[in-house]
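Participant: Structure for this input, please:
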Amino acid sequence: MTMMNLPDHLLTLAEGDELPEEGYRWAELVEGVLQVSPSPAFGHQLALSRLVITLGPVVQDAGSVAITVMDVLIDRTFPATVRQPDLSIIDLAVIGADPKRLHASDVKLAVEIVSPGSGRRDRGTKLSEYAEAGIMSYWILDIAGPAAVLDVYELDGTSYRLVRHAEGGTVDVERPFAVTLDLDALQA
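Facilitator: Predicted coordinates:
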């Protein structure tokens, strides 16, 4: 196993940008600290793929696109925070600019699929960070239990309000796009 050289100080945004992709592909910069996660498991990847297939045509009709695992700048002030939502919905116009990373203001919807070890971060830390950064909608999909669980949050001032909680079956979501999701089909 190859050992990564981890920094011994809080990273600046520029230092984070200089990290090689190899070894840091699943890394997020959180208040200057590098958080490295293992590659997502098969069930996580399958749920993400199915979600992209479901949302793709819906968001495209609204002039948007679904992007997986792209850096999103949450807070540029030192020490900076850059997250990688599992799925970000952005305007097609943003793609034309070929950005190195997205800005939170570019993201209409951020989706996190809970993985072993990410639940507290997805339901707590990221919930707060995404709201403070102004991302209008945030979904948390948990596929680990007997039924897939979806929590849909909408920005209400500077914090999120839970607008929909669904366990298994189909669920209709109205914002930021009207879509019916088959939660059972998202679970491997």
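Participant: and the longest helix that the chain contains, what does it pack onto?
Facilitator: The longest helix of the chain (DSSP state H) is helix 42-61. For helix 42-61, the packing partners by 3 or more Cβ pairs under 8 Å, 6 or more residues apart in numbering; DSSP states H and E come out as strand 64-68, strand 87-91, strand 107-113, strand 179-182, helix 183-186. To be clear about C-beta, it is placed using only N, CA and C from the backbone, and glycine gets the same treatment.
Participant: from the chain's centre, how far out does the last one sit?
Facilitator: If I follow you right, that is helix 183-186. Relative to its parent chain, helix 183-186 has a centroid offset of 19 Å by Cα atoms, centre = their mean, to the nearest Å.
Participant: Next, the buried residues of it.
Facilitator: For helix 183-186, the neighbour count (16 or more other Cβ atoms under 10 Å) marks 183, 186 as buried.
Participant: Make residue 1 into 763 and carry on from there
Facilitator: I'll keep to 763 as the first residue from here, and by that count the last item is helix 945-948.
Participant: rewinding a little: and Ala842, which of the helices and strands packed on helix 804-823 is closest to it?
Facilitator: Proximity to Ala842 (Cβ to Cβ) singles out strand 869-875 among the helices and strands packed on helix 804-823, at 16.5 Å.
Participant: that older thread, most tightly surrounded among the helices and strands packed on helix 804-823?
Facilitator: Ranked by mean neighbour count under mean count of other Cβ atoms under 10 Å, the helices and strands packed on helix 804-823 are led by strand 869-875, which reaches a mean of 24.
Participant: before we move on, back to that, tabulate the helices and strands packed on helix 804-823 (a markdown table), appending mean pLDDT and distance to Leu772.
Facilitator: Below are the helices and strands packed on helix 804-823 laid out as a markdown table (pLDDT from 0 to 100; distance: least, Cβ to Cβ, whole Å):
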| stretch | mean pLDDT | distance to Leu772 |
| --- | --- | --- |
| strand 826-830 | 93 | 28 |
| strand 849-853 | 94 | 25 |
| strand 869-875 | 96 | 24 |
| strand 941-944 | 95 | 39 |
| helix 945-948 | 94 | 37 |
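Participant: got these as TSV, with distance to Ile902 columns?
Facilitator: Formatted as TSV, the helices and strands packed on helix 804-823 follow (distance: least, Cβ to Cβ, whole Å):
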stretch	distance to Ile902
strand 826-830	16
strand 849-853	11
strand 869-875	5
strand 941-944	13
helix 945-948	12
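Participant: where do the helices sit along the chain?
Facilitator: With DSSP H as the criterion, the chain has helices at 775-780, 804-823, 854-858, 881-882, 888-895, 945-948.
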